[in-house]
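Participant: Output the structure for:
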Amino acid sequence: MAFQDFITQIGSLGRFQILHLIFVQICFILIVPHTVLENFTAAIPSHRCWVPILDNNTMSDNNSRILSQDDLLKISIPMDSNLRPEKCRRYIQPQWDLLHLNGTFSTVTEPDTEPCVDGWVYDQSTFLSTTVTQWDLVCGSQTLNSVAKFIYMTGIFIGHLMGGHLSDRWLSESARWLIVTNKPQEGVKELRKVAHINGIKNSRDVLTLEVVKTTMKDELEAAETKPSPLVLFRTPNLRKRICLLSFVRCVSLISTVGLLINLQYLTNNVFLLQCLYGVVITPANLLGNFSMNYMGRRTTQIIFMSVMGISILSITFLTQEMQIPRLVLASLGGAISSASLTSIAVLSNELVPTVIRATALGVIGIFGSAGAALSPLLMILVTYSASLPWIIYGVLPILSSLVVLLLPETRNQPLPDSIQDVENK
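Facilitator: Okay, here's the model as predicted:
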């Protein structure tokens, strides 16, 4: 509790903290769009097999000249169960007899079909070019689209591992960190700087090296032995908290990232859905902050993750024709997911002890990044069932909300400064 007394003296929410908050938000603004960009750069437009009679401009067949495009399509591409042209197969030979059926079913055997051996024709009305159309990541190669997203998210995961070490080199450290790492003079200087920015007068008289050393005596003694990451798992209560928080963070990001990078599967208009998500995310986060302050961190996390899971599961029961309900549920799920990530981040900060908080949050963050990296791979399951990935994305948040019940509430509770504080609770 010693350092918190200094925070009160220099201003707990002043100009300094607000400026830092703004800078952090700018970083998020620059980073997050790269993830949701996958909905556009890796979009899967409507497609069908390339067939000579339809797509070869040099064809001189007299019949193909007098027939309409719809007739040519009918004799070249079989229809799926929704009476739409198949995306991955074509007739081996043009089926001229189909022109005379007039909507009735043929009594003969089904014509022979083959895969799209000559490539595909893509609808360019919305996207002129994507990674899918560039490399033909459809049909038998559709899983490679998920693998490409996995590689991208793996890059973020590697960056997460490296970021901590790079930030120690390039960024100025907090006053608390400077003091407990045997740099008290620099820590006092940082405290005075914060007090000056926040407009606190006479801080030089109060914040002296002697006062800091005396007030933070216990923390300085505890910091003499630098704890390793293994210490997180040596005591029962702390081990339980780290494991549960890591699981919740991992599972939350699996569903959140899975939803945000696959919006194109949920609607026919990904641009509209992306705009709706951007509109509702700010009110959702404001609601999350209000809920955390008045209902508690744990209750907020439970409610928000449950709502997110129910929203995703509900979409699986709606047909593609029910576009408005799908848009509403997808926007709600995306916005709530962002607010729930904020609440679990706050809960994690307040449940781990100060002396090893950076290490603990790093471990929890690694599990979260691993979940985000694995998330795109679940879409490979669409080859077995179109709804299966979304069922998993929906069940996981509900499961994590149940796990949160095993964690203590932290609203209006003092932050644990040492591992002993966690164990004593």
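Participant: where are the low-confidence patches of the stretch 151-300 of the chain?
Facilitator: Along the stretch 151-300 of the chain, segments meeting pLDDT under 70 span 164-168, 170-173, 176-177, 180-181, 203-206, 215-227.
Participant: what's the spacing between the spatially most central residue of the chain and residue 345?
Facilitator: Central residue check for the chain by C-alpha atoms, centre = their mean: the C-alpha nearest the mean position is that of residue 257, 2.8 Å away. With the distance defined as C-beta to C-beta, to the nearest Å, residue 257 ends up 15 Å from residue 345. (C-beta placed from N, C-alpha, C; glycine too.)
Participant: again, but for residue 119
Facilitator: Distance from residue 119 to residue 345, by C-beta to C-beta: 46 Å.
Participant: Which one's more surrounded, those two?
Facilitator: The residue with more neighbours, out of residue 119 and residue 345, is residue 345; 18 against 11, by other C-beta atoms under 10 Å.
Participant: Please give the element, helix or strand, for that one.
Facilitator: Take DSSP states H and E as the rule and residue 345 turns out to sit in helix 323-351.
Participant: Can you name every helix or strand that the helix or strand that that helix is followed by contacts?
Facilitator: Counting by DSSP H and E, the next helix or strand C-terminal to helix 323-351 is helix 357-374. Here helix 357-374 touches helix 143-170, helix 236-260, helix 323-351, going by 3 or more C-beta pairs under 8 Å, 6 or more residues apart in numbering; DSSP states H and E.
Participant: mind giving me the domain ranges of this protein?
Facilitator: Taking automatic domain parsing as the reference, the chain has its domains at 1-25+172-226, 47-122, 143-161+229-425.
Participant: list the contacts for residue 327?
Facilitator: 266-267, 269, 272-273, 276 (C-beta atoms under 8 Å, 6 or more residues apart in numbering).
Participant: top of the residues you listed by neighbour count?
Facilitator: Busiest of the contacts of residue 327 [other C-beta under 10 Å] is residue 266, holding 24 neighbours.
Participant: Let me see the backbone angles for that one.
Facilitator: phi -100, psi -10 (degrees, to the nearest 10).
Participant: Please look at it and residue 331 and confirm they touch.
Facilitator: No. Residue 266 is beyond contact range of residue 331, at 9.7 Å (criterion: C-beta atoms under 8 Å).
Participant: Which neighbours do these two have in common?
Facilitator: residue 273.
Participant: Give me the below-cutoff pLDDT ranges for the stretch 1-150 of the chain.
Facilitator: 1-12, 57-66, 101-108.
Participant: now the helices for it?
Facilitator: 2-10, 15-36, 38-41, 52-55, 62-66, 69-76, 131-135, 143-170 (DSSP state H, counting those that start in this stretch).
Participant: Please work out which of the ones you listed is packed deepest.
Facilitator: Sort the helices of the stretch 1-150 of the chain by mean neighbour count, taking mean count of other C-beta atoms under 10 Å, and helix 38-41 sits at the top with a mean of 18.
Participant: follow-up on the earlier one: which stretch among the helices and strands packed on helix 357-374 comes nearest residue 28?
Facilitator: Residue 28 sits nearest to helix 323-351 of all these, at 10.3 Å, using C-beta to C-beta.
Participant: Enumerate every residue touching residue 189.
Facilitator: So residue 189 contacts nothing (C-beta under 8 Å, 6+ apart).
Participant: count of neighbours near the closest residue to residue 367 other than its chain neighbours?
Facilitator: Excluding its sequence neighbours, the residue lying closest to residue 367 (C-beta to C-beta, 6 or more residues apart in numbering) is residue 246, at 3.9 Å. Residue 246: 21 surrounding residues under other C-beta under 10 Å.
Participant: ok, now residue 89?
Facilitator: The burial count for residue 89: 17, using other C-beta under 10 Å.
Participant: Which residue comes closest to it once chain neighbours are left out?
Facilitator: residue 113 (4.4 Å).
Participant: quick one on the thing from earlier: can I assume the residue nearest to the centre of the chain is in contact with residue 374?
Facilitator: No. Using C-beta under 8 Å, residue 257 is not in contact with residue 374; the gap is 9.1 Å.
Participant: if I look at those two, which residues touch both of them?
Facilitator: residue 153.
Participant: Now do the contacts for the residue nearest to residue 367.
Facilitator: 363-364, 367-368.
Participant: Residue 410 now?
Facilitator: Residue 410 touches 296-298, 346-347, 350-351, counting by C-beta under 8 Å, 6+ apart.
Participant: Residue 14 now?
Facilitator: 194, 197-200.
Participant: 10 Å - rerun?
Facilitator: 194-195, 197-200 (C-beta atoms under 10 Å, 6 or more residues apart in numbering).
Participant: ok, now how distant is it from residue 27?
Facilitator: 21 Å.
Participant: What of residue 423?
Facilitator: From residue 423 to residue 27 the distance is 35 Å (C-beta to C-beta).
Participant: Could you do residue 248 as well?
Facilitator: 24 Å.
Participant: How about residue 274?
Facilitator: Applying C-beta to C-beta to residue 274 and residue 27 gives a distance of 21 Å.
Participant: swap in residue 380?
Facilitator: 32 Å.
Participant: Tell me the one among the contacts of residue 410 nearest to residue 240.
Facilitator: residue 351 (10.1 Å).
Participant: confidence score at the closest one?
Facilitator: Residue 351 is assigned 90 on the pLDDT scale.
Participant: That one and residue 402, how far apart?
Facilitator: Residue 351 is 17 Å from residue 402, by C-beta to C-beta.
Participant: neighbour count winner among the two?
Facilitator: residue 351 (27 against 12).
Participant: you'd agree the more buried one is up against residue 422?
Facilitator: Yes. Residue 351 is within contact range of residue 422, at 7.9 Å (criterion: C-beta atoms under 10 Å).
Participant: Which neighbours do those two have in common?
Facilitator: Common neighbours of residue 351 and residue 422 (C-beta under 10 Å, 6+ apart) are 237-238, 241, 408, 416.
Participant: Quick check on these: which are buried?
Facilitator: 237-238, 241, 416 (16 or more other C-beta atoms under 10 Å).
Participant: Could you single out the most deeply buried of the domains of the chain?
Facilitator: Mean neighbour count (mean count of other C-beta under 10 Å) peaks for domain 143-161+229-425 among the domains of the chain, with a mean of 19.
Participant: contacting residues for residue 313?
Facilitator: By C-beta under 10 Å, 6+ apart, the neighbours of residue 313 are 329, 333, 387, 390-391, 393-395, 397-398.
Participant: ok, 6 Å please
Facilitator: By C-beta atoms under 6 Å, 6 or more residues apart in numbering, the contact set of residue 313 is residue 394.
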